[in-house]
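J.: One predicted model, sequence on top.
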Amino acid sequence: MESEKRQLHLFIFPYMAAGHMIPAIDMAKLFASRGLRITIITTPLNASSILKTVEKSKILGLKMDMLIIEFPAEQVGLPKGSESYHLATAPDLRMKFLEAITLLRQPLEELVQDYCPDCLITSALFPWTTDVARRFGIPRLIFHATSSFSICASECLRLYEPYKKVSSDSEPFILPNFPDEIKLTRNQLPDFVTQDIETDVGKLIRQVIKAELTSDGAVFNSFYDLEPAYADYYKKVLGRKAWHIGPVSLCNKESEDKARRGKEASVHGHECLKWLDSKKPDSVVYVCFGSMANFNDSQLMEIAMGLEASQQQFIWVVKREKTQGTKDEWLPEEFEKRVEGKGLIIRGWAPQLLILDHEAVGGFVTHCGWNSTLEGVVAGVPMVTWPVSAEQFYNEKLVTQILKIGVGVGAQQWVRFLGDSIGKEAIEKALIRVMVGEEAEEMRSRARELMKMAKSSAEGGGSSYSDLNALIEDLSSHAIAGEATENN
Ligand SMILES: O=c1ccn([C@@H]2O[C@H](COP(=O)(O)OP(=O)(O)O[C@H]3O[C@H](CO)[C@@H](O)[C@H](O)[C@H]3O)[C@@H](O)[C@H]2O)c(=O)[nH]1
């Protein structure tokens, strides 16, 4: 009875987007593997990506559950089923999506009331969950599915506004009082940072920052040795509490678990692993832009031509379906025939962790979403960085300038979903730089070192392992203190 009472119960409530749900589910597994009771909160259409994990954890004797709250899509005027952020592709849809999210507060409060968890770990993008936690006298921790570097960079921009001191959008400015000399341009910043007019996203971001200041700390999917100066900056300069417990993807030990992250891989996704078995180590470049970024036909055409011209073997993930009998307008004539044996296109969802883990993969073209970036680090591969939106331009700086394990393709313009337009020559050049020659080898050897550091951080005695212990201890003492107050 006593131990049942002391088992910590966490509510994990991730943002409805693959880039947030995937690492949150990994984090849930990590907590559950340490004996905590976990309940993941989500909406009906997002539940399917969690269900198998919950079922498997039960078989393993772990305490993991899921609770579903309705997503009020139709109530705010969104089409039925619009429960994921990537479906909100136009400004009015995004506004409605944000509105729908604020309506989740009441159902969350009801669940907290009914289940009495010891802590809420929620997306930074749910600032109101700090108030919910306060109301019930429990801590709210933020789950940062991104780097400390990017959070520190955006805080630095907010505090010092260096982008206001340059005369054009393309003139570089330096992040003031920052551990490294990092240059950015206004073009590379999210629109809500530079826009003077108040937008809904801008308003949300201000609430996010305010809630971060009053929450009880942040859990990062990162590891200390990857970005020590920024883990310290977050704690010591910004004065906030944080635990670095990543890379959380390392909790997936079996191929089956690695394959099913996010969505089921498409048919091509499964075939590509057999194809990789026939290739030499470090001879294939993997090209994938996460779950949100979308390129138009002409940009895909440039990528195809760049890949072919680079003469590198490749796996390229494109979020387009093949329609039988019709020509792919985004591919050069006879492209697939010409690259047969040398390149593979995955249409749909790729089993990314399995591909990156494969020894044949020697380079990664990424949009610098944090999950992909960290997964690239864990795989020990150098990267071509092609940031598109969100905090990806900051992550690019970390990869290319601080870690020195990647080269930029030359993206200069932050755009919400569609990528900046990059020509085939730039793509070809960047591909060759990460795959061939002395510079590539130097980047690869640094990447391998980071891979080892990533893996040992998650093992017993490693920094992420210890930070997770410290977090669990903090939560336990808070829960015990809460019980004591209740009993008095
Ligand atoms: O075919 C695919 C495509 C993606 N993934 C996985 O999906 C995740 C994608 O996450 P990420 O690389 O972070 O990209 P986004 O989906 O774009 O993520 C959003 O959320 C991230 C977390 O906050 C931010 O860092 C990004 O900038 C933001 O765009 C990764 O785990 C990938 O392994 C697959 O498994 N197969």
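T.: In hand now; what should we look at? As the structure is a prediction and not an experimental result, all values here were calculated from the model.
J.: Stretch 265-282: how far from the chain's middle?
T.: Computed by Cα atoms, centre = their mean, to the nearest Å, the chain-centroid distance of stretch 265-282 equals 24 Å.
J.: what stretches of the stretch 151-300 of the chain score poorly on pLDDT?
T.: Applying pLDDT under 70 to the stretch 151-300 of the chain flags the ranges 267-269.
J.: how about the residues of it near the ligand?
T.: By Cβ under 6 Å from any ligand atom, the residues of the stretch 151-300 of the chain that approach the ligand are 261-262, 288, 290-293. In this view, the C-beta of every residue, glycine as well, is placed from N, C-alpha and C.
J.: Can you add distance to residue 48 and neighbour count and give these back as JSON lines?
T.: Shown next, in JSON lines, are those (distance: Cβ to Cβ, whole Å; neighbours: other Cβ atoms under 10 Å):
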{"residue": "261", "distance to residue 48": "13", "neighbour count": "24"}
{"residue": "262", "distance to residue 48": "11", "neighbour count": "18"}
{"residue": "288", "distance to residue 48": "22", "neighbour count": "24"}
{"residue": "290", "distance to residue 48": "20", "neighbour count": "24"}
{"residue": "291", "distance to residue 48": "15", "neighbour count": "24"}
{"residue": "292", "distance to residue 48": "19", "neighbour count": "20"}
{"residue": "293", "distance to residue 48": "23", "neighbour count": "24"}
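J.: Among the residues you listed, find me the one that's closest to residue 372.
T.: Relative to residue 372, the closest of those is residue 290; by Cβ to Cβ it sits at 5.6 Å.
J.: Next up, phi/psi of the closest one, please.
T.: Backbone geometry at residue 290, expressed as degrees, to the nearest 10, gives phi 70, psi -160.
J.: Now it: closest residue in space, sequence neighbours ignored.
T.: Distances taken as Cβ to Cβ, 6 or more residues apart in numbering place residue 369 nearest to residue 290, at 4.0 Å, with adjacent residues excluded.
J.: same deal with residue 271?
T.: Setting aside the residues directly before and after it, residue 271 is nearest to residue 344 in space (Cβ to Cβ, 6+ apart), at 7.8 Å.
J.: again with residue 425
T.: residue 306 (7.4 Å).
J.: give me the number of residues near the one you found?
T.: 25 (other Cβ atoms under 10 Å).
J.: Looking at the residues of the stretch 151-300 of the chain next to the ligand, which are in strands?
T.: Among those, the residues falling in strands (DSSP state E) are residue 288.
J.: Mind picking the two most distant members of the residues of the stretch 151-300 of the chain next to the ligand?
T.: Using Cβ to Cβ, the pair of these lying farthest apart is 261 and 293, separated by 17.7 Å.
J.: Could I get the full set of helices for the stretch 201-350 of the chain?
T.: In the stretch 201-350 of the chain, helices defined by DSSP state H, counting those that start in this stretch lie at 228-232, 255-259, 267-277, 297-310, 335-338, listed in chain order.
J.: Now do the contacts for the closest residue to the ligand within the stretch 251-400 of the chain.
T.: The ligand sits closest to residue 369 of the stretch 251-400 of the chain, with a gap of 2.3 Å, by Cβ to the nearest ligand atom. By Cβ atoms under 8 Å, 6 or more residues apart in numbering, residue 369 lies in contact with 19, 289-293, 390, 392, 395.
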